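everything below, folded, please.
(one chain, ligands or ions: 1)
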Amino acid sequence: MDFWDVVRSRHAVRDFTSDPIPREVLERIVEAAELAPSAMNSQPWRFYVATGETRLKLGRAIAQTTVHLSEYMDALGPERYEQAVKWYSSLGDAPAVVVVAMPRAEDEFTLLNEQLSVGAAIENLMLAATAEGLGSCNVTFSFWVRDDLADAVGAAENEDVVSIIALGYPGEVPPVAPPHDMTRVTYLD
Ligand SMILES: Cc1cc2nc3c(=O)[nH]c(=O)nc-3n(C[C@H](O)[C@H](O)[C@H](O)COP(=O)(O)O)c2cc1C
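Presented below is the predicted three-dimensional model:
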């Protein structure tokens, strides 16, 4: 796929087939993440790539986030609430889940640098996933169970889990491409 095909076809995928992702494919997409730019080349990311038993363990932890969904009931409405409960209960049966962690920042500037760097790495990972024919969804709703996720993957004491990425071959429900506003730019001479 050429660069623009990859960028234009990446959309959040929330339904996956049970087909396992070959290890070499997982390694290639993590390599793309590791090649991301980072503030002062700090490379503050840490990826835990979970399949098998660990993936199931993470799924059980993420399912606990559904208790927080009622707080978003007004914004979601009943139909999207139902969809969200299903999604967080199953993560679309994604065969792999990447837990993303970064060192706990001591100050605001470090936090800013770490967050932007990790965001760049996550986007590289998701674009590489698209190029490999995979679907992905970055999920920060993991926030509510971040300590359980850190325990499940054996994250270091000084690391915080910042998000998870569900990964797999897209399932039967095609991703609905939400509108993207192409006008949030100002060109200045
Ligand atoms: C920082 C970040 C956090 C996100 N958190 C969630 C989440 O918790 N749950 C979820 O279902 N999707 C999550 N998403 C996916 C977004 O909902 C999705 O990217 C957005 O609606 C735009 O859709 P698109 O990716 O298909 O273009 C997140 C995306 C980003 C970049």
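
every contact and neighbour count from this point should use C-alpha atoms.
OK.

so what does the top helix by length along the chain touch, helix or strand wise?
Criterion DSSP state H: the longest helix present in the chain is helix 108-131. Helices and strands touching helix 108-131, by 3 or more CA pairs under 8 Å, 6 or more residues apart in numbering; DSSP states H and E, are helix 3-9, helix 23-34, strand 135-139.

can you name the next helix or strand after the shortest one?
If I follow you right, that is strand 135-139. helix 146-153 (DSSP states H and E).

pull the helix or strand with minimum mean pLDDT from the chain.
Lowest by mean pLDDT, DSSP states H and E among the helices and strands of the chain is helix 73-90, with a mean of 93.

now it, how far from the centre of its chain.
Between the centre of helix 73-90 and the centre of its chain there are 18 Å (CA atoms, centre = their mean, to the nearest Å).

and for stretch 16-28?
15 Å.

which parts of the chain sit against the ligand?
11-12, 137-141, 177-178 (CA under 6 Å from any ligand atom).

which of those residues sit farthest apart?
141 and 177 (20.1 Å; CA to CA).

of those two, who's got more company?
residue 141 (17 against 12; other CA atoms under 10 Å).

mind listing what the more buried one touches?
65, 163 (CA atoms under 8 Å, 6 or more residues apart in numbering).

pull up the gap between it and residue 64, please.
Noted for residue 141: a distance of 11 Å to residue 64, by CA to CA, to the nearest Å.

mean confidence score for the longest helix of the chain?
Helix 108-131 shows a mean pLDDT of 98 in the predicted model.
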